[in-house]
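>>> Build me a model from this:
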Amino acid sequence: MASPVTPAEPGPAGPAPAAGRAVPGSLALRAAVLVLAAVCCGVGAWLGAWWVPFVVGLGAGLLGAGFPGPGGWRARRGCVLPAVAGAAGGWLVVLWVLALRGLPVGATGRAVAALAGLPPYAGVAVAVTLLLAALPVLAGAWLARAVIPRREYRSGPAAGQR
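Numbering: from 1, shown residues only. Next comes the predicted model:
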């Protein structure tokens, strides 16, 4: 039988979230994750380190798994999707810089799309490239969240009992 949950004391920003629920990440945290993922994945793509988005996904998954806070361990929501957007944005910036330097990004994209059996448009190859930047982030975040053991969040009179 579940133990009753004690009501939260209202603080200066309103009532505290119930124990066991993930706290939404702040806008500053999400922006920091987005920028850091874009920079890391952009530098990785520039250097040819295609595996960097997976590492970024691991970091986003660990960040979303939780850290100790005033009410115990609290999970932070909203870290994975900014990391996905940052990875795709970082790779997109690298492709854009290569195109601005005069390299045949469009022609290569058309040839790769045609060889892959896709319509021979450069935009299709760029979209698939961005998808290939986003999927390792999701896989890394999934792995990080799967490996970290779940913590039991309890509150109320039976919190200390097992």
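
>>> Next, the closest residue to residue 144 other than its chain neighbours: secondary structure please.
Nearest non-adjacent residue to residue 144, counting by C-beta to C-beta, 6 or more residues apart in numbering: residue 61, 2.7 Å away. Bear in mind the C-beta positions are built from the backbone N, C-alpha and C, glycine included. Secondary structure, DSSP: H, G, I helix; E, B strand; the rest coil: residue 61 is helix.

>>> In contact with residue 61, which residues?
By C-beta atoms under 8 Å, 6 or more residues apart in numbering, the contact set of residue 61 is 79-80, 140-145, 148.

>>> hmm, try it at 6 Å
Residues in contact with residue 61 (C-beta atoms under 6 Å, 6 or more residues apart in numbering) are 141, 144-145.

>>> distance of it from residue 83?
From residue 61 across to residue 83, the span is 9 Å (C-beta to C-beta, to the nearest Å).

>>> Equivalent analysis for residue 52, please.
Distance, residue 52 to residue 83, using C-beta to C-beta: 11 Å.

>>> related to what we said a few turns ago, just the pLDDT for the residue nearest to residue 144.
Per-residue pLDDT puts residue 61 at 89.

>>> Check the gap between it and residue 39 for me.
Remark: distance between residue 61 and residue 39 (C-beta to C-beta) = 19 Å.

>>> what about this structure, any weak spots by pLDDT?
By pLDDT under 70, the weakly predicted segments of the chain are 1-25, 66-75, 149-162.

>>> Next, please give the residue ranges for the strands of it.
Applying DSSP state E to the chain gives strands spanning 10-11, 14-15, 23-24, 67-69, 72-74, 76-77.

>>> got the residue ranges for the helices in this structure?
Secondary structure of the chain (DSSP state H): helices located at 27-47, 52-65, 80-100, 105-115, 122-147.

>>> so of these, which one's packed in deepest?
helix 52-65 (a mean of 23; mean count of other C-beta atoms under 10 Å).

>>> angle of that one against helix 80-100?
Taking axes from the mean of the first three to the mean of the last three C-alpha atoms, to 10 degrees, one finds that helix 52-65 is oriented at 160 degrees with respect to helix 80-100.

>>> Can I get helix 52-65 in PDB, CA atoms only?
Provided in PDB are the C-alpha atoms of helix 52-65 (Å, rounded to 0.1, in the frame of the first residue of the first chain):
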ATOM      1  CA  VAL A  52      30.900  13.000 -31.100                       C
ATOM      2  CA  PRO A  53      27.100  13.200 -31.200                       C
ATOM      3  CA  PHE A  54      26.900   9.900 -29.300                       C
ATOM      4  CA  VAL A  55      29.100  11.300 -26.600                       C
ATOM      5  CA  VAL A  56      27.000  14.400 -26.500                       C
ATOM      6  CA  GLY A  57      23.900  12.200 -26.100                       C
ATOM      7  CA  LEU A  58      25.600  10.400 -23.200                       C
ATOM      8  CA  GLY A  59      26.200  13.700 -21.500                       C
ATOM      9  CA  ALA A  60      22.600  14.900 -22.100                       C
ATOM     10  CA  GLY A  61      21.300  11.600 -20.700                       C
ATOM     11  CA  LEU A  62      23.400  11.800 -17.600                       C
ATOM     12  CA  LEU A  63      22.400  15.400 -17.100                       C
ATOM     13  CA  GLY A  64      18.700  14.400 -17.500                       C
ATOM     14  CA  ALA A  65      19.100  11.500 -15.000                       C
END
